[in-house]
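A.B. asks: Sequence first, predicted model second:
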Amino acid sequence: MTTTTLAVLVPLLPFLGAAAGLLLGRTAPGFVRPLAVLPPLAALVLAALVAVRQGGGPALDAHTELTPTGSVPVELALHVDGFAALVAILVAFVAACVQIYSTGYLRDDPRYPSYAALVSLFTSAMLLVVYSGDLIVLLVGWEVMGICSYFLVGHYWETPEARAASLKAFLVTKLGDVPFLIGLFALATDAGSFRITRVLGAVASGGLHHPTLVALLLLAGVAGKSAQFPLHTWLPDAMAGPTPVSALIHAATMVAAGVYFVARLLPVFEASGAAMLVLAVMAAVTMAGSGLAALAQDDIKRVLAYSTIGQLGYMTGALAVGDRGAAVFHLLSHGAFKALLFLAAGVVIHATGTNSLAAMSRMRGLRDRVPDAYWTMTVALLALAAIPPFSGFFSKESVLGAAEHAAHGDTAHVPGAAGWLVLVAGLLTALLTAAYATRLWLLAFHGRGAEAPDHGRQPLTMTVVLWVLAVPSLAFGGLAYRALPGWFDGISLTPTPLTSILGTGLAVVGGLLTYGVWQRTTRGLVSPPLGAVAAHPEGDAGRVEAEAIASHTPAYGDIAYAPDPADPGRALLGPLHRPAAAGFHLDAVYAALFVRPVLAAASLVRFLDREVVDTYVGAAGALPRLLGAAVRRAQTGNVQTYVSALLAGTVVLAVVVVVLVATGA
């Protein structure tokens, strides 16, 4: 079988699995789980074979024209280089883990067949984006992921939070997709083709006539899809969906698509220094802002959501300083440990019957109750905090090293200011990341909240997946930073001494400072009594999570609790805590600037339609009706009345004629 055929089958198999799952979900439910698990596993094996055959060498290109479209053809094209080969493995690997995990997590969910099919379709769409060599075909996968995220985030559609979150995710990403689509057409018009290789060739020959405009239009779509400032607000709210969906979106699909797109078309952005500077500003604000917001969240999944936004900021920062190798290295590393973090959080939800609503401040005794989640999440948090030798250290330091080189003016096409922005923001974010990672670990596993009811052991499929993901979270970075340059651009990914010392030192300071504040605030506090929590009904994790999301009180059961006084985030942030917890009120700003004016305009249009247009239309129909009624009343059938009217009309007419003659008119 040729490499091209294998590459075609990689996105095709999950698509076929999704179609079969939807068709057989009701008639043959026994086939649902195999159809959910086997296609991504097969796609993973095939993606690995494609990567072995590609081997980091010349890109594999294949194409066929779909249909004549005029001067700019649309082609079904493959472009598999080292970046695509490795990212495809990540997507298939995480998707397979999520599907296996979901067989236990949602085992009693009545909508599991449609859920599993949508996850497979989501996976297929992302793989299409990864392997596509044509921008229009890439756009198809890009938009299919958007609609899949809408349905999956709104899986628990009975709850208003899930419905609102799915709608918000769809609308905010579409807001970025409109200029993104315009930018794609402008790019193809300048290059004369939608083929990525021809677009890059046009850039190399100076064929782009409006590089800044094109790059900024494309960045709008990237900001929406990859949850970068200012279009990042949908991602924390998307935690209303099932936890495995969060793992898939955050680790390998959707949000990774924007970063991957910029990495693939980086020369387009490098053609404009202004666009690179905008990308650097976007990355810097995203990194610092998300770190502060994560430190203030009490919702375990929202902490991880803001963490994802910040780590994506690292990736866009690497792209802003012209190093797509460092960006994709961090994308691969982040995919493993972020999937592990979310799936471990799912185990916590399953075990305690708690939810993602102010959960951490009320957790207690989880270290002994969920040891698998405790140890694997510890590994993942160390990787997130970039502590050596965990994988996040090597990938994050490659980003900081690239920023240092750009700040010194050693990188072509990159303004020095962009390098300094990314470097300073990256170091600050290293401090914040370690702080909120330590805070999550302390509150979730060593907290002093009320102990939730024990819902028993988790299904084996869930715990096995955690340990599988723990391996790359621990070992991937140390093995990959030497091997990956051969797959990428040949630029070294070895951490530089200065940024390694600064980044690691700040991470250690952030972790120790958070631990010290926690120790000081917990000294002398009295824990709530055991058994002080109302028992939660038995049920699977998905139903427990849905019921929890539907709850509006920050409590277990019917018992509300005040904010945890031992929360180190409050002491560390001080007056910034309240705005950071609310995401710096960006939703309120957007509501004031955009939502309310649009609603007001809609109300005005409705008023004009009802009071003016409808009145005019009603009057146009009423006038003939009134005239007809008047004429109908004149038809009395009385001959005397008719003769009297005739005589009166004759007299009036005679008087008018006499007057006209007398006046000489």
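C.D. replies: Arrived safely, thanks for sending.

A.B. asks: Report the buried residues of the helix or strand hosting residue 420.
C.D. replies: In this assignment (DSSP states H and E), residue 420 forms part of helix 416-446. When neighbours are counted by 16 or more other CB atoms under 10 Å, the buried residues of helix 416-446 are found to be 418-423, 425-446. In short, each C-beta sits where N, CA and C put it, glycine included.

A.B. asks: Stretch 10-27 now?
C.D. replies: Within stretch 10-27, the residues that qualify as buried by neighbour count (16+ other CB under 10 Å) are 10-15, 17-18, 20-22, 24-25.

A.B. asks: same thing with stretch 260-267?
C.D. replies: Neighbour counts using 16+ other CB under 10 Å place 260-267 of stretch 260-267 among the buried residues.

A.B. asks: List the contacts of it.
C.D. replies: Residues external to stretch 260-267 that are found in contact with it (CB atoms under 8 Å, 6 or more residues apart in numbering): 83-84, 87, 129-130, 138, 142, 196, 199-200, 203-204, 218-219, 222, 225, 269, 279, 316, 319, 322, 324, 327-328, 331.

A.B. asks: Buried ones among those residues?
C.D. replies: 83-84, 87, 129-130, 138, 142, 196, 199-200, 203, 218-219, 222, 225, 269, 279, 316, 319, 322, 324, 327-328, 331.

A.B. asks: if we can go back for a sec, please flag which of the contacts of stretch 260-267 sit within strands.
C.D. replies: The subset of the contacts of stretch 260-267 located in strands under the criterion DSSP state E is empty.

A.B. asks: how would you label residue 65: helix, strand or coil?
C.D. replies: Judged by DSSP: H, G, I helix; E, B strand; the rest coil, the three-state class of residue 65 is strand.

A.B. asks: For it, grab the count of nearby residues.
C.D. replies: 12 (other CB atoms under 10 Å).

A.B. asks: Residue 508 and residue 115, how far apart?
C.D. replies: Counting by CB to CB, to the nearest Å, the gap between residue 508 and residue 115 amounts to 41 Å.

A.B. asks: between these two, who's got more neighbours?
C.D. replies: Relative neighbour count places residue 115 above the other of residue 508 and residue 115, with 26 against 15, counting by other CB under 10 Å.

A.B. asks: how about the more buried one, what does it touch?
C.D. replies: Taking CB under 8 Å, 6+ apart as the contact definition, residue 115 lies against 102, 106, 109, 152, 155, 242.

A.B. asks: Now the two most distant members of those.
C.D. replies: Between all members of these, the longest pairwise span (CB to CB) is found for 109 and 152 and amounts to 12.5 Å.

A.B. asks: quick one, which of those two is more surrounded?
C.D. replies: The neighbour count for residue 109 versus residue 152, taken as other CB under 10 Å, is higher for residue 152 (25 against 20).

A.B. asks: That one sits in which helix or strand?
C.D. replies: With secondary structure defined by DSSP H and E, residue 152 is part of helix 135-153.

A.B. asks: Could I get the full set of strands for the stretch 1-150 of the chain?
C.D. replies: Per DSSP state E, counting those that start in this stretch, the stretch 1-150 of the chain has strands spanning 60-67, 74-80. These are given in chain order.

A.B. asks: Report the contact partners of residue 336.
C.D. replies: Contacts of residue 336 by CB under 8 Å, 6+ apart are 90, 94, 251, 383, 391, 469, 472-473, 476.

A.B. asks: And what about it, helix, strand or coil?
C.D. replies: helix.

A.B. asks: pLDDT score for it?
C.D. replies: Here, the pLDDT recorded for residue 336 equals 94.

A.B. asks: Now it: closest residue in space, sequence neighbours ignored.
C.D. replies: Once its chain neighbours are removed from consideration, residue 336 has its nearest residue in residue 472; the separation is 3.9 Å (CB to CB, 6 or more residues apart in numbering).

A.B. asks: How many residues are close by the one you found?
C.D. replies: Counted with other CB under 10 Å, the neighbours of residue 472 add up to 22.
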